[in-house]
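Q: Sequence and predicted structure are below.
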Amino acid sequence: MIKLVGIAGSLRRRSYNRGLLRAAAESLPDGVTLQAASIDDVPLYNGDIEQEQGIPASVARLKSEIEAADGLLLVTPEYNNGIPGVFKNAIDWASRPPADGVRIFTGKPVALIGASPGGFGTVLSQSGWLPVLRTLGTQLWVEQRLLVSRAGERFDQEGNLVDDGTRQQLAQFMAGFAQYVQRCLDARPK
C-alpha cells in the first residue's frame with residue numbers, strides 16, 4: 001500500500017485547488033491512499049515563536065503527516081505569477097528546525113499539480129516551487145505535468161471538479177506518480 005499526503009495551498013473552502021486535491025483522492029489506482037493535510041491553522045513563521053514556544057501544534061501535525069507518507073502531492077494555486085505565501089509559509093514551518101527538515105523532506109517523492117482561472121494553469125507557481133523542493137532535497141517527479149487552466153470552466157460553484165477530460169488527465173497523473181513513488185520505495189536500502 002502506497003500512502004500519499006496531499007496539501008492544497010489555498011485557504012478558501014471552495015477553492016479550485018482543494019477541489020483538485022479531492023478529485024486526486026478519487027482518482028487513485030488500487031493500492032494507493034491519499035490523505036489531505038490542512039494548512040488552515042498554520043501561523044505565519046516567526047523565529048521568535050519557534051525559539052520561545054517551540055513548534056506550534058498545527059505545524060507538528062503537518063510535519064507528522066508529511067513524514068508518515070511515502071509521497072507528497074503539492075496542489076498549488078498561482079497568486080501574482082508565483083507561489084502563494086500561505087503555502088510557502090507552511091512548508092517553511094515544516095522544515096523547522098533544520099534537522100527536522102532534512103528528516104522529513106530529504107528523498108521524499110513529490111509531485112506538483114495546480115488549477116488557476118488563467119490560461120496558463122499554474123505553470124509559474126509550479127516552476128517557483130522548483131528551487132524550494134531542490135533545497136529541501138526532495139525527489140521531484142517530472143515525467144508528467146498537470147496544469148489546469150480556465151478552472152472556472154472545469155469546477156462547479158462548490159469547487160468540485162466536473163470536467164471529465166481533466167479527471168482523466170488527473171487519473172493518469174496520479175497513476176504515474178504512484179508508480180514513481182513505488183520505484184523510489186523499491187530503491188531504498190533494505
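A: Structure's in. What do you need?

Q: Would you confirm that T138 contacts I104?
A: No. Under the criterion of C-beta atoms under 8 Å, T138 makes no contact with I104, lying 9.8 Å away. The way it works is simple: take the backbone N, C-alpha and C, and place the C-beta from them, glycine included.

Q: Helix, strand, or coil at the residue lying farthest from the centre of the chain?
A: Distance from the C-alpha centroid of the chain peaks at E52, with 29.1 Å (C-alpha atoms, centre = their mean). Secondary structure, DSSP: H, G, I helix; E, B strand; the rest coil: E52 is helix.

Q: Read off the pLDDT value for it.
A: The score at E52 is 97. That number is its pLDDT.

Q: Could you do K190 as well?
A: 76.

Q: and it, how many neighbours does it have?
A: Other residues near K190 come to 3 when the count uses other C-beta atoms under 10 Å.

Q: cool, D163 as well?
A: Per other C-beta under 10 Å, the neighbour tally for D163 reads 17.

Q: Would you map the helices across this protein?
A: 16-26, 47-53, 57-68, 85-94, 98-105, 123-136, 164-187 (DSSP state H).

Q: for the residue most central in space within the chain, what are its contacts?
A: For the chain, L74 is the residue whose C-alpha lies nearest the centre (C-alpha atoms, centre = their mean; 1.3 Å). Contact analysis of L74 by C-beta atoms under 8 Å, 6 or more residues apart in numbering lists 6-7, 9, 87, 110-113, 129.

Q: go with 6 Å
A: L74 makes contact with 7, 112 under the criterion C-beta atoms under 6 Å, 6 or more residues apart in numbering.

Q: Model confidence at it, what's the number?
A: We note a pLDDT of 98 for L74 in this prediction.

Q: cool, and L44?
A: Confidence at L44, expressed as pLDDT, is 97.

Q: and the gap between it and E50?
A: As judged by C-beta to C-beta, to the nearest Å, L44 and E50 stand 12 Å apart.

Q: which one of these two has more residues nearby?
A: The residue with more neighbours, out of L44 and E50, is E50; 15 against 10, by other C-beta under 10 Å.

Q: In contact with the more buried one, which residues?
A: Applying C-beta under 6 Å, 6+ apart to E50 gives the contacts R96.

Q: What residues of stretch 143-157 count as buried?
A: Across stretch 143-157, burial judged by 16 or more other C-beta atoms under 10 Å covers 145-149, 151, 154-155.

Q: Quickly name whichever of the residues you listed is closest to I66.
A: I66 has its nearest neighbour among the buried residues of stretch 143-157 in L146, at 20.4 Å by C-beta to C-beta.
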